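Participant: got a structure for you, letters missing:
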């Protein structure tokens, strides 16, 4: 496994070098919207400390992330009147990871509505509104 690269896009978001639509933040975690959403309300939870993925995460990083995932997932259920949540985490390239900073994808889901294909840029005004809806539900 490679060393953590502090020039990855999520590290840059944490440092404020790249803008994001913040949903929630505490001392240990940051939650922001995915700009290529596969579902309405698709957001990401990351630790604020360096960590490539699940395989090198400390128990404290995982606990902090999962606490935030639980909080935000419940807010997503409310904000989008969702029927459920899909949670995704990819580790290493062979596991589907593209950004090498630990992150959890939260997807609010509705019965019978498939997730959209990966890699399609979303409408920034809609994404911003979705961030506000989740934040308000918190």
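Facilitator: Yep, it's here. Fair warning: this is a prediction, and the values are worked out from it, not measured in the lab. Numbering: from 1, shown residues only.
Participant: quick one: the strands in the protein?
Facilitator: Along the chain, counting by DSSP state E, strands occupy 22-25, 29-33, 43-47, 84-88, 104-109.
Participant: Dump those strands into CSV; add mean pLDDT as well.
Facilitator: Below are those laid out as CSV (pLDDT from 0 to 100):
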stretch, mean pLDDT
strand 22-25, 98
strand 29-33, 98
strand 43-47, 98
strand 84-88, 98
strand 104-109, 98
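Participant: and of the ones you listed, who's closest to residue 67?
Facilitator: strand 29-33 (7.7 Å; Cβ to Cβ). (Each C-beta comes from the backbone N, C-alpha and C, glycine too.)
Participant: ok so, going back, with mean neighbour count as added columns, please give the strands of the chain in TSV.
Facilitator: Formatted as TSV, the strands of the chain follow (neighbours: other Cβ atoms under 10 Å):
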stretch	mean neighbour count
strand 22-25	18
strand 29-33	23
strand 43-47	25
strand 84-88	14
strand 104-109	22
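Participant: will you turn these into a markdown table that also has distance to residue 72?
Facilitator: Formatted as a markdown table, those follow (distance: least, Cβ to Cβ, whole Å):
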| stretch | distance to residue 72 |
| --- | --- |
| strand 22-25 | 6 |
| strand 29-33 | 5 |
| strand 43-47 | 6 |
| strand 84-88 | 9 |
| strand 104-109 | 6 |
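Participant: who's in contact with residue 28?
Facilitator: Under the criterion of Cβ atoms under 8 Å, 6 or more residues apart in numbering, the neighbours of residue 28 are 47, 48, 49, 60, 61, 64, 68.
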